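# fold the following and give me the result.
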Amino acid sequence: MIRHCLFIICMTLSPAVDAAEEPMRLTLAECITMARRQSVEAAMALGELRSAYWQWRSYRADLLPEVSFSATLPSYNKRYTSYQQSDGGVSFVRNDYLGLSGSWHISQKIWPTGGTLSVESSLDFLHQSGGGSGGNQLMSLPIAITLSQPLFGVNHLKWNRRIEPLRYREAKARFLTETEQVAMQALSLYFNLLLAGEQVGIARQNLQTAEKLYEVALAKRKMGTISENDVLQMRLNTLTARSRLTSAESTRQTRQFALRAFLDVEVDIEPTTPPPAPPLLGRGSGSFPRLDYEDVLAHALKNNPLAITLRRRQLEADYSVATARANRQSINLYAQVGYTGTGTTVGGAYRDLLSKEVVQVGFSVPILDWGKRKGQRRMAESNREIVQGQLRQQAQEFRQSIFVLTEQFNNQLAQLHIAEEADSIARRRYHTNVETFKIGTISTLELSDAQTAKDEARLNRISQLFNFWYYYYQLRSLTLWDFERGEDINADFEQLLR
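A predicted model of the protein is given here:
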């Protein structure tokens, strides 16, 4: 109960606190900049980029030499173990020894062949107590070079060198795309608030006009120039205008809260009407040229993460087929060369070294697997065909969406000019009808129709302006191309990932 009361008090006091602060005038460009810098969606996009970056770093580190040190300090063993004698009998002997060991190991993966080359150096110490020879014994391995190489198999490292760079490029392009989508979301919320403000302004103006016309209607009724029905209609128009103003103010507060939450700001925001087109560098006229579909498509195929995704998925499908084909047999080469020595002292263990050579070729060939590997290969090939079909379909849909969006954008500026002219004409017509009603030569129905047309034309102008800017940022999102500067959209990834 106490929490409920506190919540009501906070909600009651918060509007008063907000009202005491001046609203922050914000242009569309400033709103988008703030969204890219401090919105939750921008932070999520940056988190996904960092995750992809560390995956890329792990892949790069896997190609570099790896140095490791391992040791056993100490290993003590005191127990009975079985021992087979020369005549075949088995007896139990007691072991009591202390062992120490340490080794350095350096390995390097060979990406052209898929093998691993390693260098190793180790020293083992053994102190035996109780029965046996006793004393200290050491065995050294100053150096041993080992090659482990799969033969006639799939080279996973080589495939990863083709796939992983694309995956990281895809992540960076997706981050830029998501950043532009954050701009589109900020654009939508900004215009929602702008449109709500226009609706409040329209509703307030309509209420003022309705009240004045109601007073005129009352005066004309006293003079007997209009009917009681017209007076009642004007009173009804006044009530309707007051109701619409209340509803519009509530809608504006809701959209105000949505934009403030998105931008993570505490004060009210007062949006300003954006220009009808972005200012183009090097074009003093400010008119936006028609975009060429082939040019837009070329930028999209080069920069869009979907285009990179299509290439990556094609490579992954080919990789799966190559892996399935290589699983029909397994042949591995293992070779090691080095030196080893033994002694009762450290110096003695490194004198009179003997060579150590190991060469081993192992293979595994299935004799009867009931078609399992063949089925895996056929399944991988079928999956590749499915992926290829999906990629072709996505590529066609992508090209079609680019074409439709380019046409919509090219036509939108004309739509905006039409909406601006219609807004101007509708406002002039409405003002003319208001003056005509005052002198009694027009009906309330015609006046109401003119007001509706005026309101719709005003809101349609804002909607058409929103469509223009939304198409513009949607094109930026798909192409990752800055049409104003004529260059790729990019970011300082090193600075972002610090």
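# going forward, measure contacts between C-alpha atoms and count neighbours the same way
Noted.
# secondary structure element for F466?
In the assignment (DSSP states H and E), F466 maps to helix 444-479.
# quick one: mean pLDDT over that helix.
Mean pLDDT, computed over helix 444-479, is 88.
# got it, and stretch 36-45?
Mean pLDDT, stretch 36-45: 91.
# got the CA coordinates for the helix or strand containing S140 in CSV?
Element membership for S140 (DSSP H and E) is strand 135-151. Output of strand 135-151 as CSV, limited to C-alpha atoms (Å, rounded to 0.1, in the frame of the first residue of the first chain):
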residue,chain,number,x,y,z
GLY,A,135,69.3,-42.9,-6.7
ASN,A,136,68.5,-40.1,-9.2
GLN,A,137,67.8,-40.5,-12.9
LEU,A,138,67.2,-37.8,-15.5
MET,A,139,66.0,-38.0,-19.1
SER,A,140,66.4,-35.0,-21.4
LEU,A,141,64.8,-34.2,-24.7
PRO,A,142,66.8,-31.1,-25.8
ILE,A,143,64.8,-30.7,-29.0
ALA,A,144,62.2,-32.7,-31.0
ILE,A,145,60.5,-31.5,-34.2
THR,A,146,57.2,-33.0,-34.9
LEU,A,147,55.0,-32.9,-38.0
SER,A,148,51.4,-34.0,-38.0
GLN,A,149,49.8,-33.9,-41.4
PRO,A,150,46.5,-35.2,-42.6
LEU,A,151,46.8,-36.5,-46.2
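# who touches it?
Residues outside strand 135-151 that contact it (C-alpha atoms under 8 Å, 6 or more residues apart in numbering) are 113-129, 330-346, 349-350, 356.
# ok, now with 7 Å
With contact meaning C-alpha atoms under 7 Å, 6 or more residues apart in numbering, strand 135-151 is reached by 114-128, 331-346, 349-350.
# so how do I select the buried members of these in ChimeraX?
In ChimeraX, this line selects whichever of the contacts of strand 135-151 come out buried by 16 or more other C-alpha atoms under 10 Å:
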select :114,115,116,117,118,119,120,121,122,123,124,125,126,127,128,332,334,336,338,339,340,341,342,343,346,349,350
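# which parts of the protein are helices?
For the chain, the helices defined by DSSP state H cover 2-19, 28-38, 40-62, 156-223, 228-263, 293-303, 305-326, 346-349, 372-438, 444-479, 493-496.
# between helix 156-223 and the fifth one, find me the angle.
Pointing back at helix 228-263 there. 150 degrees (axes from the mean of the first three to the mean of the last three C-alpha atoms, to 10 degrees).
# which strands or helices does helix 228-263 pack on?
Helix 228-263 sits against helix 28-38, helix 156-223, with contacts defined as 3 or more C-alpha pairs under 7 Å, 6 or more residues apart in numbering; DSSP states H and E.
# how about a cut-off of 6 Å?
Here helix 228-263 touches helix 156-223, going by 3 or more C-alpha pairs under 6 Å, 6 or more residues apart in numbering; DSSP states H and E.
# compute the inter-axis angle for the helix it packs on and helix 444-479.
Going by the same axes, to 10 degrees, helix 156-223 is angled at 170 degrees with respect to helix 444-479.
# what helices and strands are in contact with helix 156-223?
helix 228-263, helix 305-326.
# what's the neighbour count on the residue nearest to E211 when sequence neighbours are not counted?
Of all residues not flanking E211 in the chain, T238 sits nearest, at 5.9 Å (C-alpha to C-alpha, 6 or more residues apart in numbering). Applying other C-alpha atoms under 10 Å, we find 21 residues neighbouring T238.
# and V182, what's its pLDDT?
pLDDT for V182: 94.
# how much space separates it from A35?
Counting by C-alpha to C-alpha, to the nearest Å, the gap from V182 to A35 is 7 Å.
# return the helix or strand in this protein with minimum mean pLDDT.
helix 2-19 (a mean of 42; mean pLDDT, DSSP states H and E).
# any weak-confidence spans in the protein?
Applying pLDDT under 70 to the chain picks out residues 1-21, 130-134, 277-289, 363, 368, 440-441.
# may I have stretch 380-389 as PDB, with CA atoms only?
Output of stretch 380-389 as PDB, limited to C-alpha atoms (Å, rounded to 0.1, in the frame of the first residue of the first chain):
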ATOM      1  CA  ALA A 380      25.600 -32.300 -48.000                       C
ATOM      2  CA  GLU A 381      25.300 -31.900 -51.800                       C
ATOM      3  CA  SER A 382      21.500 -31.700 -51.500                       C
ATOM      4  CA  ASN A 383      21.800 -29.100 -48.700                       C
ATOM      5  CA  ARG A 384      24.100 -27.100 -50.900                       C
ATOM      6  CA  GLU A 385      21.500 -27.200 -53.800                       C
ATOM      7  CA  ILE A 386      18.900 -26.000 -51.300                       C
ATOM      8  CA  VAL A 387      21.100 -23.200 -50.100                       C
ATOM      9  CA  GLN A 388      21.900 -22.200 -53.700                       C
ATOM     10  CA  GLY A 389      18.200 -22.000 -54.400                       C
END
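# what's that stretch in contact with?
For stretch 380-389, the surrounding residues in contact (C-alpha atoms under 6 Å, 6 or more residues apart in numbering) are 317, 321.
# return the set of buried residues in that stretch.
By neighbour count with 16+ other C-alpha under 10 Å, stretch 380-389 contains the buried residues 380-381, 383-384, 387-388.
# of these, which pair is most distant in space?
Pairwise distances across those (C-alpha to C-alpha) peak at 12.2 Å, for the pair A380 and Q388.
# export the helices of the chain to TSV and tack on distance to Y76?
Formatted as TSV, the helices of the chain follow (distance: least, C-alpha to C-alpha, whole Å):
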stretch	distance to Y76
helix 2-19	65
helix 28-38	60
helix 40-62	36
helix 156-223	41
helix 228-263	64
helix 293-303	62
helix 305-326	45
helix 346-349	20
helix 372-438	48
helix 444-479	66
helix 493-496	51
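# out of those helices, the one nearest P366 is which?
P366 lies closest to helix 372-438 among the helices of the chain, at 9.0 Å (C-alpha to C-alpha).
# now do the closest one: distance to the chain's middle.
The chain centroid and the centroid of helix 372-438 are separated by 22 Å under C-alpha atoms, centre = their mean, to the nearest Å.
# now it against helix 293-303, angle please.
Using the same axes, to 10 degrees, the direction of helix 372-438 lies 130 degrees away from that of helix 293-303.
# what angle do helix 372-438 and helix 305-326 make?
Interaxial angle of helix 372-438 relative to helix 305-326 (the same axes, to 10 degrees): 170 degrees.
# hang on, I106 packs against F69?
No. With contact defined as C-alpha atoms under 6 Å, I106 does not count as touching F69 (8.9 Å).
# which one's more surrounded, the two?
Summary of the neighbour comparison: I106 and F69, criterion other C-alpha under 10 Å, with I106 having more neighbours (15 against 12).
# could you list the domains of the chain?
Per the record, the chain has its domains at 23-59+159-319+380-496, 68-110+115-152+329-365, by automatic domain parsing.
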